[in-house]
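Visitor: A predicted structure for the sequence below; I have some questions about it.
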Amino acid sequence: MRKKILITEDSPTMRALIASTIEAIGNFEVIEASNGFEALRILPREKVDMVITDINMPDINGLELVSFIKTNPNYQSTPLIIISTEGSERDREKGMVLGADAYLVKPFSPEQLQELVRKYLG
């Protein structure tokens with residue numbers, strides 16, 4: 001059975017890039033959300049094995065989404081990767097304190113993302 005990865009990113013171009021990077025690994029199903037609200041609607045419907053989220057999004061930002069996921073008993077063990085243009089140590093620390101498992105700064109190489117996906121999903 002293919003593992004499911006939820007990508008939450010408001011940029012359609014970046015979302016497509018992340019999706020194609022993951023699909024290139026093979027054996028993963030990608031589900032896409034264009035914002036945090038959409039991700040919150042998808043989570044109860046789909047059993048996702050990983051969440052990848054941007055930080056800067058309208059409405060619910062990525063950090064709020066991370067906080068919701070990591071404090072909800074249904075999803076708190078789900079691996080979560082933040083991908084953001086916010087690359088300061090303070091931003092990374094904030095994401096990790098909220099419960100992110102990894103933090104990638106844009107631009108990133110496809111290999112960096114693929115390595116993280118393999119690390120957490122095998």
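Guide: It's in.
Visitor: right, and Val51 touches Ile81 too?
Guide: Yes - here Val51 reaches Ile81: they are 7.5 Å apart, a contact under C-beta atoms under 8 Å. No exception for glycine: its C-beta is placed from N, CA and C like everyone else's.
Visitor: looking at the two, which one has more neighbours?
Guide: Set Val51 next to Ile81 and count neighbours by other C-beta atoms under 10 Å: Val51 wins out with 28 against 23.
Visitor: gap between that one and Arg90?
Guide: Computed as C-beta to C-beta, to the nearest Å, the Val51 to Arg90 distance reads 22 Å.
Visitor: one more: Glu9?
Guide: In this view, Glu9 and Arg90 are 22 Å apart by C-beta to C-beta.
Visitor: okay, and the residue nearest the centre of the chain sits in which element?
Guide: Residue closest to the mean C-alpha point of the chain, counted by C-alpha atoms, centre = their mean, is Ile52 at 0.8 Å. Per DSSP states H and E: Ile52 is located in strand 50-53.
Visitor: following that strand in sequence, what is the next regular element?
Guide: Next helix or strand after strand 50-53 toward the C-terminus (DSSP H and E): helix 62-71.
Visitor: please name every helix or strand in contact with that next one.
Guide: Helices and strands touching helix 62-71, by 3 or more C-beta pairs under 8 Å, 6 or more residues apart in numbering; DSSP states H and E, are helix 36-42, strand 50-53, strand 80-84, helix 89-98.
Visitor: make CSV from these and add mean pLDDT to it.
Guide: Shown next, in CSV, are those (pLDDT from 0 to 100):
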stretch, mean pLDDT
helix 36-42, 96
strand 50-53, 98
strand 80-84, 96
helix 89-98, 94
